[in-house]
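Visitor: how would this look folded up:
(chains A and B)
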Amino acid sequence: MNMAWFREYLDAHRPDGNWSLQADWAVRVCLQQYAATGDEAFSGYVIAWADSLMAADACRPECGKALFFALAQTGEERYRDAIQGVMARLGRTLQDAVLPAETLYAELPFRMAYEMKLGGMEKVGLCVGKFRQSFQALWEKESGLVSGGRYQSAIALVALADCIDLCADQLYEHWRAMVDVYRVVLRGLMAADVPENPETAGMVLTALFAGVRMGIIDPERYLPLAAKRISALRAAGAVNAADMLEAEGGRL
Amino acid sequence: MFEVKKLFTSSRSCTIEMPDGGLYNTMRPYRLTLNGEDWGTADTVVHTLYGLWPDTKYTLKVWDGNKEVGRASIHTKEESFTLNVRRFGAVGDGVHDDTAAIQAAINVCPKKGRVLIPAGNYRVLPLFMKSHMRIELRKGATLLLETDRSKFPILPGMIQSTDETRDLNLGSWEGNPLDMFAAFISGNGVEDVVIYGEGVLDGQGAQGDWWVNHRIMRGAWRPRMLFLNDCENVTVQGVTFRNSPAWNLQPYFSRELKFLNVHVIAPADSPNTDGFDPESCENILLAGMHFSTGDDCIAIKAGKLYMGATYKTPTSRMEVSHCLMENGHGGMTCGSEMAGGVNHVYCHDCVMRNTDRGLRIKTRRGRGEQGVIDEIVFENVLMENVGTPYVVNCLYFCDPDGKTEYVQSREKQPVDERTPRVGRIAFRDVTATGCACAGYFLGLPEKPIECVEMQNVSITCGENAAPMSPAMANGVPRVNRKGLVAINVDKIIMKNVTISGQDGVKLECENVKEVEE
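Guide: You can find the predicted model right below:
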């Protein structure tokens, strides 16, 4: 990947308190680049996002990655307070209703991070149970997709990948339950003969690479499928997204 | 006179049992002769003879002074070839890495062959067994396990099959299929193997970083001394395992196993150095074992939730006889990873000394309906300075959610697929001294312990026994000089039970349906 371009991208898209899918992707790549290189430009960008969200009073579960990272890096209580504020608004006990894919994507990774890092892992089972319950209700066997289509499947897959990554291995039964759902959703997405829009393709690739990185899917089977999607993204003009994803995939 | 029983005969060794009324040690030392030749003395009920010749008939006689008190006929097994590891390049000077030489000898060993490790100090990385072979560690031979974890192979917990329909489970840690460093000696799918001799396997737990921050997984989970995965007909005879990085001996989804006269030694403060942890295994004999460990001497397991619920394989039909268990947390434990169930365990003629607990059963809500513990029998057991000789704890507060309301509630919860069960537990002819608490039986209110049977049991609370919490569950206080406590039990049978030295009542009951005396 052309890292100079990515640095320019970060300069051009400074954190502004308005979380978006693009911000989510940029933060993901920064976290990976920081883990790989230790370059503080990347960690600084993520922490700047946490600061901007707090300044704008715009902390939401979706931006949990930035908040938890800022807390881990700095140890500053204000980040913990921000996280606690988000959890207080959510309510730690999950309601009995089936959650749509959008809510799974928005909430569950935050909840899982909270349980793992601050909550003593007590309610991990509830988070995982919610995945299973929602998946059973939303799964459409004929299409092999989550109700709503490919985009909904893709964001559910990203949420699953994030939660699997967070889950401690001593909670194997929970970890495995999510892995099993992840594999079914991924297979459905790979099998469905419908073109993906760039946003959905990006989501699928993000989750797919995470699965390879975590060792839960076979890279020989899935990385060639990822390469095809990146080519398709580039052909569709989504060059930046293709570059970012290629960078992620290139490390695997 | 007593009948000398043969427990196992290899091509070069034979383990006998001399039931003269002793538990671990015989009532007195005996002199042994083989075909009229002096063959040393024996002071343990289970004793192994070495230095025999293959395919040879012997007459063993046991002498008390000049009086013959027992005899047996022995016919050793055939042997095809001996592969001395020195011929394969092993040096045994404690400096060279002898892994490749010993592994080569193992790999090329023909059927019924013997890999011989003569006296010397052999530095090795993990070794892997193959089927139909014997390994002899001769007296004076010590295998020293390397301590640099970066050199250890990793056995992955799960590998998905190419067609994505099955899993290959190679590694395990505390009931879950997780990546682990390969054990000192590994067997994967092997059968008909004997490891025997008077040599030592030294895990060098204290020399590496295995015991430092031991709860943190670094690279993979810590290696065992012996890990048998899906093995059958394996016998370990006589060798000493010491200073394990983690659990010592772990048969896993294996069958037809014998462990005879094996010594398992680890410092009392070494972390998680359980002696023998069979997991989802059946038909196991432990005889004449000596355990002195930093954790449970024997811990019988059957997986945490996923493995128990998925493979539904209990640990079943296990006999423990004439063993000495010292210094561990528990003499014999069932659980807490028991989601596949544990049943038909018979522990008899054993000594437990200076352990926190004697028999300890640990389970909790959430272990699942496959998690049934049943037919656990202790007979003719002596416990000395054992804090609490009998503990059944169905509210064990392990795992991150172990202290949640669902797990710890003293109120009835729904009986469903998450609820474990404890069936019948029996203690006969058991003497326990120096106890802080005579016994603690804590069942689930919605699924009480079905039956606790105590016959000819004597328990003496120690004047100076240290106060302890008999069961690790919320609301269980530290106690001393305490009688039996039974909570949520269907039936207790107490016949000829003597409890002395306690303050207060001998038996304290709460929600016990029937006490038969």
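Visitor: what's the longest helix belonging to chain A in contact with?
Guide: Identified as the longest helix of chain A according to DSSP state H is helix A:172-191. Outside of helix A:172-191, the residues within contact range by Cβ atoms under 8 Å, 6 or more residues apart in numbering or on different chains are A:124-125, A:127-128, A:131-132, A:135, A:139, A:143-146, A:150, A:153-154, A:156-157, A:160-161, A:163-164, A:167-169, A:204, A:207-208, A:211, A:216-217, A:222, A:225, B:164, B:176-178, B:304-306, B:309. Any C-beta I mention is one placed from the backbone N, CA and C, and that applies to glycine too.
Visitor: mind listing what's buried along the helix or strand that comes right after that helix?
Guide: Per DSSP states H and E, the first helix or strand lying C-terminal to helix A:172-191 is helix A:198-214. By neighbour count on 16 or more other Cβ atoms under 10 Å in any protein chain shown, the buried set for helix A:198-214 is A:198-213.
Visitor: what's the closest of those residues to chain B?
Guide: Taking Cβ to the nearest Cβ as the measure, chain B sits nearest to A:Gly211 out of those, at 11.1 Å.
Visitor: and the closest residue to B:Glu279 other than its chain neighbours, how far from chain A?
Guide: Nearest in space to B:Glu279, with sequence neighbours left out and distances taken as Cβ to Cβ, 6 or more residues apart in numbering or on different chains, is B:Lys301 at 4.3 Å. Going from B:Lys301 to chain A by Cβ to the nearest Cβ, to the nearest Å gives 14 Å.
Visitor: before we move on, what about B:Gly197?
Guide: When B:Gly197 is compared with chain A (using Cβ to the nearest Cβ), they lie 37 Å apart.
Visitor: which residues touch that residue?
Guide: B:Ser13, B:Tyr50, B:Ile117, B:Ile135, B:Glu136, B:Leu137, B:Arg138, B:Lys139, B:Ala141, B:Gln237, B:Gly238, B:Val239.
Visitor: just give me the neighbour total for residue 101.
Guide: Answering for chain A, as no chain was given. A:Ala101 has 25 neighbours, counted by other Cβ atoms under 10 Å in any protein chain shown.
Visitor: to clarify, I was referring to chain B.
Guide: B:Ala101, neighbours per other Cβ under 10 Å, totals 20.
Visitor: from chain B, how far out is A:Leu138?
Guide: 22 Å.
Visitor: tell me the bridge partners for the residue of the stretch 151-300 of chain B found nearest chain A.
Guide: Residue of the stretch 151-300 of chain B nearest chain A, by Cβ to the nearest Cβ: B:Asn176 (3.7 Å). Applying DSSP bridges to B:Asn176 gives these bridge partners: B:Trp173.
Visitor: surely it touches B:Gly157?
Guide: Yes - counting by Cβ atoms under 8 Å, B:Gly157 is a contact partner of B:Asn176 at 7.2 Å.
Visitor: shared neighbours of those two, anything?
Guide: Contacts common to B:Asn176 and B:Gly157, judged by Cβ under 8 Å, 6+ apart, are absent.
Visitor: could you measure from the residue in chain A sticking out farthest from the centre over to chain B?
Guide: Most distant from the centre of chain A: A:Glu142, at 26.3 Å, with distances by Cα atoms, centre = their mean. Counting by Cβ to the nearest Cβ, the gap between A:Glu142 and chain B amounts to 20 Å.
Visitor: tell me the pLDDT of that residue.
Guide: pLDDT recorded at A:Glu142 is 87.
Visitor: nearest residue to the residue in the stretch 1-150 of chain A positioned nearest to chain B in space, please, no chain neighbours.
Guide: Here the residue of the stretch 1-150 of chain A nearest chain B is A:Met121; by Cβ to the nearest Cβ that distance is 3.4 Å. Spatial nearest neighbour of A:Met121, excluding adjacent residues (Cβ to Cβ, 6+ apart): B:Pro400 at 3.4 Å.
Visitor: correct me if wrong: that neighbour contacts A:Gly125.
Guide: No - B:Pro400 lies out of contact with A:Gly125 (Cβ under 8 Å); the separation is 9.3 Å.
Visitor: neighbours of B:Glu198, just the number please.
Guide: Neighbours around B:Glu198, by other Cβ under 10 Å: 21.
Visitor: try B:Lys495
Guide: Other residues close to B:Lys495 by other Cβ under 10 Å number 12.
Visitor: next, give phi and psi for the residue nearest to it when sequence neighbours are not counted.
Guide: In this structure, B:Lys495 finds its nearest non-sequential neighbour in B:Gln455, 4.6 Å apart by Cβ to Cβ, 6+ apart. Note on B:Gln455: its backbone torsions stand at phi -130, psi 130 [degrees, to the nearest 10].
Visitor: quick check: bridge partners of B:Gln455?
Guide: Going by DSSP bridges, B:Gln455 forms beta bridges with B:Arg428, B:Lys495.
Visitor: against B:Asp349, how distant is it?
Guide: 16 Å (Cβ to Cβ, to the nearest Å).
Visitor: okay, these two: which has more neighbours?
Guide: Higher neighbour count among B:Gln455 and B:Asp349: B:Asp349, with 22 against 15, using other Cβ under 10 Å.
Visitor: wait, the more buried one touches B:Val320, no?
Guide: No - look at B:Asp349 against B:Val320 with Cβ under 8 Å: they stay out of range, at 9.0 Å.
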